[in-house]
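Colleague: give me the fold of what follows.
(chains A, B and C)
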Amino acid sequence: MITRLSRIFLVILTIFVGAVYLPQLYWVSFEPRIIPPMVFYSPVIQKFMIGHFGHGKYYFTDEDGHKYNRIQADHLLPLLNFRILAARDEMPDSLLGRPISLNEVHRNNVSIRITPKDVNPPQILLYPLFESKPQRLRLGLPDEYFRFTDRMEFINAKTNQINDSLTTIFTQTLLKAGFHFPARKVFGNPTTRKPYDAGYFIVDHDWQLFHLKKIHGKPYCKNVPIPENVKINWISVKEKELREFCGIAITEDNKLYMVMLNPERLQKLPVSDYNREQDHIIFMGNLFYRYITIRSEGHLTTYLTNRDYKLLKTYKEKWPTRYETTAGVLSAFIFPFELNLQSGKTYFINFNFSSFSWKALYLNVILILAAILFLIKRKFVTRRWFDLVLILLTGIYGFIGVLLFEQIE
Amino acid sequence: MVKALFFKEWLKIKWAYWTMALLTFLVLIKIGLNLSYYMRILEAKTFWYQVIIMGGMFFQDFVYLPALIGLVIGFTQFMPEISADRLKLTLHLPMKENAILLYMVGYGTLMLLILFAGTYLLFSIMVAYFFPFQVVKAVWISMAPWFLAGFVVYWVTSAVFVERIWLKRIIIIVIAVLFTETLLYHYAYEIYRYSIGYFFILALLWSIGILYTGYRFKKGVLK
Amino acid sequence: MENVVECVNLTHYYGKRLIYENLNFVIRKGSIFGLLGKNGTGKTTTINILNGYLQPTSGHCYIFGEDSQHIKPETKARIGFLMEGHIQYNFMTISQIERFYSSFYPKWKKTAYYDLMEKLEVDPDQKIATMSCGQRSQVALGLILAQDPDLMVLDDYSMGLDAGYRRLFLDYLGAYAKNNDKTIFITSHIIQDLENLVEDIVILDYRSVLLSTTVEDFKTNFKQFVMKVPEGKDLKIKKDDIITNFELLKDKLTVYSFKSQQEVENHLKALKIPFTDLHQVPMSLEDAFIGLTGKY
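Modeller: Here you go, the predicted structure:
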């Protein structure tokens, strides 16, 4: 009995290995390159501009399908291409009836990209709290890293000991601001390569949001007002020259908010159909507009808003995914399912099963017949039904497993 | 009887086991020296930044070490059994054949467990000396699949040695290598946090692989 | 009388290569049974099947009434097994291996083992791997004797042993068999030693069983006749029912047969073989074995 089990285990392991590596091998051999289009908005013609790059092509179309070459597009997207236009001395002085300067254009151009990988990546829950107003102007690493327990603890890197005075001061300040320990989540952008330091945003036990900074060695803490019933899942903190906002917040129910500064508050983005585990966010802002593209596999939606985040227009675009290419259509007939350990959507290794492909049943049935012929030849007739059901369900993987590890009588 | 069987297994792996323990110890010392070096040269806060924020894995020596140990222990335990078909003597002992095989593999697994647990303990103490508990925990989770790979390699080695047909051996080795590869990713901390349980269950499936090859050994299967 | 081993219609192929077909034999309790044959005729194959290390293509073997494919641990304890080449755990020392085996066998006779070891002039802490082939054979024998099994299965005990060790081995074996009601199954390709030991024999040839009988019957019934024939003449002689085997060396023709001298003479005359001076020559067991199986 247990011997028979050991054989079944080996077959299962073969199925696992097959489901991981065979599709991988297939895609490495046949996957076509898919470059999703990029969507911009032209303040000149007041139309979405769709950039088609790659495969040796480089051109734009507008939302009505007119085609523009690169030079023409430069002029239609002057805020995006201001450097190029300025270098050619072709930058307009005014746009939409408003005089513009290069400095202004430059400062107001913002882009934030959030990939599914950026949201909830693996991390060690220790954070350096930068001095937000450094005396020598440059941001520098602090000597202490903080963590949240039932208080906010600062640990000195050199001694690996808790710094009691910092711990007490910051814990007191948080408590005074109404913070309930322990913290659920801590969000920051711990790098010295940024124009300024916005500190950390912390979600407390009651889902309240707090903004915490260190200014001149002293804590700065603000309870950020958030709409009712909003539970923040993730904040991508990105300090930009334009100090209007410092990041994008994603809620548990996949709503998006800009994290506004002066004063801190959340500004809802008029975006629907976002899924933080699947979709890319491409946020672009310029002197006149904000536009947010939510890109999934095979389709995207771009939401155009004014600078007050009032929705003006949306645009949808589709392109074939890899499963709609010839190789992809064929793959559905070969593999009953695929098992991806690394999805490209997260750093974590997970058992991502693709949905069961019914089209593969044709092949599975053929493989069952082949297996019957083979097994009869080898005179292993007992308990064959188990193998056959296995092949029906797991197709080519099970077939290989059953063939490699013959039955035990 | 089981005690005597364990005694036999110990005689075979004795030298290899101490050698592997020593090797592990040397690796620990090396990592320890590296840690204290970087704490001095880079400054503690910068080194912490490298480790905590940039995800620098200062213990990458441990990626393949357990697999190597599993291979060596499996080799030294089963090579003498298979040279000159000595396994026939072992299977002739008055116990059930499957029980004999399982006790043999169980003994090796136990010894690996002791060595690996010791390594985990010593390394945890070392990391805890330089870093807060959060890093220690990240190290635990990050290293778990690599040590799991050590057991898998050991179990596969035992099964492969008992197999007599080279083609079958190669088949098992190929599948095992591909499987083990899925346990050895190390591009970031804690990447197996959500899947280590499933991997653990899958890895366990290898543990009785020796019964399949042992069955074939007993039947004298030729292909 | 009870049979310790029964093999019924044993047939085995390695892939497409036939080893033998329909091998039948029984080993009576208390007897010494010899399975003889040249190298490669399937002696070890039979032992493997008997010990449950090989599934025969067809047929069955029973040991103490149990199918050899599924021998119970208690039954295994009653079988002493000497592997071809006296293989033992050579990573153990003399005393370690004794300690190891003693815990497996309830009837363990420690003195039987150490009595034999004393003769070897080896240190109890010496590893078996460092011992000579002859010494190793004595260790293996000592272990089997200490096990005190009801059935001994000895696979080619003589391999690699010089005459002295071979004799020593057989002396112990003979004494063991005589003193107790023990059964011994022995295979060998060296026949001369077995002459005064074995009682029943099966002789294997390539792909077939040549003979299954007792040594007594074999030696009485199998005869060798030597005669003179004209040299260089093309003789129409071949193996048949009467001529089991023959050998022609210049003018000397040797014929082996189970028939009487009269029958052989008549048969040769019928074949028109011009022989003279035909007479029977007595044979040892080994002569008979070679006479039966041929020299190559």
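
Colleague: now do the SS call for the residue in chain A positioned nearest to chain C.
Modeller: Using CB to the nearest CB, the point where chain A gets nearest to chain C is residue A:409, with a distance of 9.0 Å. Backbone N, C-alpha and C define where each C-beta goes, glycine included. Under DSSP: H, G, I helix; E, B strand; the rest coil, residue A:409 falls in the coil class.

Colleague: distance check, it against chain B.
Modeller: 9 Å (CB to the nearest CB, to the nearest Å).

Colleague: start and end of stretch B:37-57, how far apart?
Modeller: 15 Å (CA to CA, to the nearest Å).

Colleague: okay, which residue is most central for chain B?
Modeller: For chain B, residue B:150 is the residue whose C-alpha lies nearest the centre (CA atoms, centre = their mean; 1.8 Å).

Colleague: element containing that one, please.
Modeller: Counting by DSSP states H and E, the element that carries residue B:150 is helix B:133-162.

Colleague: ok, residue 174 - contacts?
Modeller: Chain wasn't specified; assuming chain A. Residues counted as contacts of residue A:174 (CB atoms under 8 Å, 6 or more residues apart in numbering or on different chains) are A:152, A:181, A:202, A:210, A:212, A:219, A:221.

Colleague: chain C is the one I meant
Modeller: In this structure, residue C:174 makes contact with residue C:197, judged by CB under 8 Å, 6+ apart.

Colleague: residue C:32 versus that one, what's the distance?
Modeller: Residue C:174 is 9 Å from residue C:32, where distance means CB to CB, to the nearest Å.

Colleague: and for the two, which residues touch both?
Modeller: Common neighbours of residue C:174 and residue C:32 (CB under 8 Å, 6+ apart) are residue C:197.

Colleague: residue C:65 - how many residues pack around it?
Modeller: Counted by other CB atoms under 10 Å in any protein chain shown, the residues lying close to residue C:65 total 11.

Colleague: for residue B:42, same thing?
Modeller: Here the number of neighbours of residue B:42 (other CB under 10 Å) works out to 13.

Colleague: check whether it really touches residue B:50, as I assumed.
Modeller: Yes: using CB atoms under 8 Å as the test, residue B:42 is close enough to residue B:50 to be in contact (6.9 Å).

Colleague: mind checking pLDDT for the closest residue to chain A within the stretch 151-296 of chain C?
Modeller: Closest to chain A within the stretch 151-296 of chain C is residue C:207: 23.0 Å, counting by CB to the nearest CB. At residue C:207, the predicted lDDT confidence score is 80.

Colleague: nearest residue to it other than its sequence neighbours?
Modeller: Among residues not flanking residue C:207 along the chain, residue C:18 sits closest, at 5.1 Å (CB to CB, 6 or more residues apart in numbering or on different chains).

Colleague: show me the contacts for the one you found.
Modeller: For residue C:18, the contacting residues are C:11, C:12, C:207, taking CB under 8 Å, 6+ apart as the criterion.

Colleague: circling back to that earlier point, buried subset of the contacts of residue A:174?
Modeller: Burial by neighbour count, 16 or more other CB atoms under 10 Å in any protein chain shown: within the contacts of residue A:174 this picks out A:152, A:202, A:210, A:212, A:219, A:221.

Colleague: what are the buried residues along the helix or strand hosting the last one?
Modeller: Counting by DSSP H and E, the element that carries residue A:221 is strand A:218-224. Counting neighbours by 16+ other CB under 10 Å, one finds that the buried residues in strand A:218-224 are A:219, A:221, A:224.

Colleague: now do residue B:60: how many residues are near it, please.
Modeller: If we define neighbours as other CB under 10 Å, then residue B:60 has 13 of them.

Colleague: thought it was touching residue B:187?
Modeller: No: the pair residue B:60 and residue B:187 fails to qualify as a contact (CB under 8 Å) at a distance of 10.5 Å.

Colleague: quick check: neighbours shared by those two?
Modeller: By CB under 8 Å, 6+ apart, no residue touches both residue B:60 and residue B:187.

Colleague: show me the helices in the stretch 1-150 of chain A, by range?
Modeller: Secondary structure of the stretch 1-150 of chain A (DSSP state H, counting those that start in this stretch): helices located at A:2-30, A:70-76, A:82-87, A:102-108.

Colleague: next: chain B.
Modeller: Shown for chain B, the helices assigned by DSSP state H span residues B:2-41, B:44-48, B:65-82, B:87-92, B:97-130, B:133-162, B:166-181, B:196-205, B:209-219.

Colleague: kindly report the same for chain C.
Modeller: The residue ranges that make up the helices of chain C, judged by DSSP H, are C:43-51, C:73-76, C:94-102, C:110-120, C:133-147, C:163-179, C:215-221, C:261-270, C:285-293.

Colleague: ok, the stretch 251-400 of chain A next?
Modeller: With DSSP H, counting those that start in this stretch as the criterion, the stretch 251-400 of chain A has helices at A:326-334, A:360-377, A:384-404.

Colleague: ok, residue C:284 - contacts?
Modeller: For residue C:284, the contacting residues are C:192, C:195, by CB under 8 Å, 6+ apart.

Colleague: could I get the pLDDT score of it?
Modeller: So residue C:284 comes in at 83 (pLDDT).

Colleague: look up how far residue C:254 lies from it.
Modeller: Counting by CB to CB, the gap from residue C:284 to residue C:254 is 15 Å.

Colleague: do the same with residue B:89
Modeller: Spatial separation of residue B:89 from residue C:254 under the definition CB to CB is 44 Å.

Colleague: also residue C:183?
Modeller: Residue C:183 sits 36 Å away from residue C:254, taking CB to CB as the criterion.

Colleague: right, and residue C:68 touches residue C:47 too?
Modeller: No: here residue C:68 lies out of contact with residue C:47, judged by CB under 8 Å, at a distance of 10.3 Å.

Colleague: need the max-distance pair from the buried ones among the contacts of residue A:174.
Modeller: Maximum pairwise distance among these (CB to CB): 11.8 Å, between A:202 and A:219.

Colleague: so what sits against both of those two?
Modeller: By CB under 8 Å, 6+ apart, residue A:202 and residue A:219 have these common neighbours: A:174, A:212.

Colleague: which positions in chain B make contact with chain C?
Modeller: B:1, B:3-4, B:7-8, B:11-12, B:80, B:84-86, B:88-89, B:91-96, B:217-223 (CB under 8 Å from any CB of the partner chain).

Colleague: residue C:151: neighbouring residues, count only.
Modeller: Under the neighbour criterion other CB under 10 Å, residue C:151 is assigned a count of 21.

Colleague: next: the one 4 residues further on.
Modeller: Residue crowding around residue C:155 was assessed by other CB under 10 Å; the count is 25.

Colleague: residue B:186 contacts residue B:59, doesn't it?
Modeller: No: the pair residue B:186 / residue B:59 is not scored as a contact, 9.3 Å apart, by CB under 8 Å.

Colleague: just to revisit the earlier point, mind listing which of the contacts of residue A:174 are in helices?
Modeller: The helices in this structure, assigned by DSSP H, contain none of the contacts of residue A:174.

Colleague: next, give me the two most distant ones among those.
Modeller: In the contacts of residue A:174, the most distant members under the criterion CB to CB are A:181 and A:219, with 15.0 Å between them.

Colleague: for burial, what's the neighbour tally of residue 81?
Modeller: Looking at chain A here, since you left the chain open. When counting by other CB under 10 Å, one arrives at 19 neighbours for residue A:81.

Colleague: chain C was what I was after
Modeller: Residue C:81: 24 surrounding residues under other CB under 10 Å.

Colleague: out of the contacts of residue C:18, the closest to residue A:263 would be?
Modeller: If you rank the contacts of residue C:18 by distance to residue A:263 using CB to CB, residue C:12 comes first, at 90.7 Å.

Colleague: show me what contacts that closest one?
Modeller: For residue C:12, the contacting residues are C:18, C:19, C:20, C:42, C:45, C:49, C:54, C:56, C:57, C:59, by CB under 8 Å, 6+ apart.

Colleague: beta partners of residue A:40?
Modeller: Assessed by DSSP bridges, residue A:40 has beta-bridge partners residue A:49.
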